[in-house]
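Student: Would you be able to build a 3D model of this:
(one chain, ligands or ions: 2)
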Amino acid sequence: MKKTDYLKWDEYFMGIALLSTERSKDPSTSVGACIVSEDNKILSVGYNGMPLGCSDDEFPWEREGSNLDTKYFYVCHAEFNAILNYTGTNMKGAKVYTTLFPCNECTKAIIQKGIAEIIYMCDKYASTDAVIAAKRMLDASGVKYRQYQPIGKDITLSL
Ligand SMILES: Nc1ccn([C@H]2C[C@H](O)[C@@H](COP(=O)(O)O)O2)c(=O)n1
Ligand SMILES: [Zn+2]
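Tutor: Ligands and ions are numbered 1, 2, ... in the order given. Alright, predicted model coming up:
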């Protein structure tokens, strides 16, 4: 008889998004994203980080201060990186698994790429204008979103 405690698709892909957070250098919020085709093939992954050539030892990770001295003007969001990292040509009907609800800017890219569904883990910035605007655009454009339902399974990776 086959084993039954295998990872279901949502667990598998959110697990990959979660693992991707381990690549982020952001000291306060690490985000991971995994884009998956309609037929459950992984298209791309990403995490939040500085753009190519912008050293993550030199660019700021601070949250507070002037625009030029904090991370927000520089860092690429996980979902945006996952979209940019895709080397194929067609994302129509894809799903994006992300550990944090997308902001308005990533949402624009998600919509324009034809991604059909967002599965998110955390929505800690739900009350911000960025996320309120994101949901307004998603509702208008018919992109679905739902929160991942954790199953409480612990996976230990020994590296
Ligand atoms: N959907 C999101 C939202 C945020 N990020 C990134 C941008 C920053 O690196 C970090 C948020 O930092 P905080 O303000 O919590 O210190 O997360 C993202 O990749 N995707
Ligand atoms: Zn974003």
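Student: Next, the residue nearest to Q147 when sequence neighbours are not counted: secondary structure please.
Tutor: Spatial nearest neighbour of Q147, excluding adjacent residues (Cβ to Cβ, 6 or more residues apart in numbering): Y120 at 6.0 Å. From N, CA and C alone the C-beta is placed, and that goes for glycine too. Under DSSP: H, G, I helix; E, B strand; the rest coil, the three-state class of Y120 is strand.
Student: all numbers from here: first residue = 117
Tutor: That works, and once the first residue is 117, the last one we named lands at Y236.
Student: and stretch 219-228 with ligand 2, contact?
Tutor: Yes: interface with ligand 2: stretch 219-228 contributes 219, 222 (Cβ under 5 Å from the ion).
Student: quick check, that stretch touching ligand 1?
Tutor: Yes: residues of stretch 219-228 are located near ligand 1 by Cβ under 6 Å from any ligand atom, namely 219, 222.
Student: neighbours of I231, just the number please.
Tutor: 25 (other Cβ atoms under 10 Å).
Student: Is it in contact with N206, as I believe?
Tutor: No: here I231 lies out of contact with N206, judged by Cβ atoms under 8 Å, at a distance of 11.1 Å.
Student: that older thread, model confidence at the residue nearest to Q263, what's the number?
Tutor: Listed pLDDT for Y236 reads 98.
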